[in-house]
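Visitor: using only what follows, build the 3D model:
(chains A and B)
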There are 2 protein chains.
Amino acid sequence: MSDTIWICGLSGAGKTTIGRAVAARVGYLLDGDILRDGLNINLGHTIEGRRENIRRAAEVCKILNDAGVTVVAAFITPFPELQQLVRMIIPRVKMVYLDVPLMVCEARDPKGLYARARAGAITEFTGVSSPFVPPENPDLVLKEMDINDAVKKILCLLDRS
Amino acid sequence: MSDTIWICGLSGAGKTTIGRAVAARVGYLLDGDILRDGLNINLGHTIEGRRENIRRAAEVCKILNDAGVTVVAAFITPFPELQQLVRMIIPRVKMVYLDVPLMVCEARDPKGLYARARAGAITEFTGVSSPFVPPENPDLVLKEMDINDAVKKILCLLDRS
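Guide: Down below sits the predicted model:
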């Protein structure tokens, strides 16, 4: 049984960038955008759609871990209910919270999503029109930092398990 | 990118038994019953539920293959539409059809499902009240045979790919 590193945080916090760097060292990156193009293509962005998105992602992590693959999962995971769902489904999970201020994420806006959300083209967008509630007991909180430092800290988390 | 061996056939044909033996040699067994307890716990056995069951299973095979895991998938997959869906989703798939007569499967009835279906307790049960249409161009057809022979033939299929 392998581990899942579950990285949560706002859009633009760097989840995929850091996740990709960690996965290159230890495993496989499961990314929200990729899942939405395949397994979760039939889900919307309503509360129920987002819950099912996270539930399915967590079940896939569990299967990958069971198959011996260390997974790095990158999902916003904005509510306690979703964070708890992840912990409930995946036997060996480490929760990493990228604690990057909204204004920093919005200034980056790598996919132009904040601009579209501010213009009203996306509703219920986390940080703009929908809340982000940080996880209660994350295994690691990363503030803005050098990506190599972030990768090192996450790998330490794996080593300690 | 790794391969998926997709084993289809009636309930009781031996999909899981043969699949487990193959997976013990080369990879990970993705079994319909296990998926129904986790990722697919929210699906019924209607036509639409069965289609979504197969769609999600195939997407998981694709992810596992992408993560470097060879997968052996064991699902009844009773209709051409479902068999084609599998081929469409999984880039590297070998379709194995366990061609075991209904009366043999029903005599085995390892889970007591045929008895329940005949008693009317399960509706739309493949082979009893719902059709099984064999795949059109399977990569391998296995008639009843010794399990070691079956495993060997399936492994040859992988070697040739």
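
Visitor: residues of stretch A:37-56 that come out buried?
Guide: A:38-40, A:43, A:50, A:52-56 (16 or more other Cβ atoms under 10 Å in any protein chain shown). Using the backbone N, CA and C atoms, a C-beta is placed for each residue, glycine as well.

Visitor: which of those residues are close to chain B?
Guide: Restricting the buried residues of stretch A:37-56 to those near chain B by Cβ under 8 Å from any Cβ of the partner chain leaves A:38-39, A:52, A:56.

Visitor: from those residues, which is closest to A:P78?
Guide: For those, the minimum distance to A:P78 (Cβ to Cβ) is 14.5 Å, reached by A:E52.

Visitor: list the helices and strands whichever helix in chain A runs longest packs on?
Guide: Using DSSP state H, we find that the single longest helix of chain A is helix A:47-66. Helices and strands touching helix A:47-66, by 3 or more Cβ pairs under 8 Å, 6 or more residues apart in numbering or on different chains; DSSP states H and E, are strand A:4-8, strand A:28-31, helix A:32-37, strand A:71-74, helix A:80-89, helix B:47-66.

Visitor: and these, which is most packed in?
Guide: Highest mean neighbour count among the helices and strands packed on helix A:47-66 (mean count of other Cβ atoms under 10 Å in any protein chain shown): strand A:71-74, with a mean of 29.

Visitor: same question for that strand, mean pLDDT?
Guide: On average, the pLDDT along strand A:71-74 is 98.

Visitor: with stretch A:142-157 instead?
Guide: Here stretch A:142-157 scores 92 as its mean pLDDT.

Visitor: the closest residue to A:A21 other than its chain neighbours: neighbour count?
Guide: Leaving aside its chain neighbours, A:A21 sits nearest to A:V151 (4.9 Å; criterion: Cβ to Cβ, 6 or more residues apart in numbering or on different chains). For A:V151, the neighbour count with other Cβ atoms under 10 Å in any protein chain shown is 19.

Visitor: next, A:V151: secondary structure please.
Guide: Following DSSP: H, G, I helix; E, B strand; the rest coil, A:V151 is assigned to helix.

Visitor: how about it, what does it touch?
Guide: Contact analysis of A:V151 by Cβ atoms under 8 Å, 6 or more residues apart in numbering or on different chains lists A:18, A:21-22, A:25.

Visitor: tell me which parts of chain A are close to chain B?
Guide: Taking Cβ under 8 Å from any Cβ as the measure of proximity, chain A contacts chain B at A:27-28, A:30, A:38-39, A:42, A:52, A:56, A:59-60, A:62-64, A:66-69, A:71, A:89.

Visitor: and if we set it to 7 Å?
Guide: For chain A, the contact set with chain B under Cβ under 7 Å from any Cβ of the partner chain comprises A:28, A:38-39, A:56, A:59-60, A:62-64, A:67, A:69.

Visitor: re the thing from before, list only buried entries from the contacts of A:V151.
Guide: Buried by 16+ other Cβ under 10 Å: A:18, A:21-22, out of the contacts of A:V151.

Visitor: which of the helices and strands packed on helix A:47-66 has the lowest mean pLDDT?
Guide: helix A:32-37 (a mean of 88).

Visitor: chain center to that helix, what's the gap?
Guide: Centre-to-centre, helix A:32-37 and its host chain are 12 Å apart (Cα atoms, centre = their mean, to the nearest Å).
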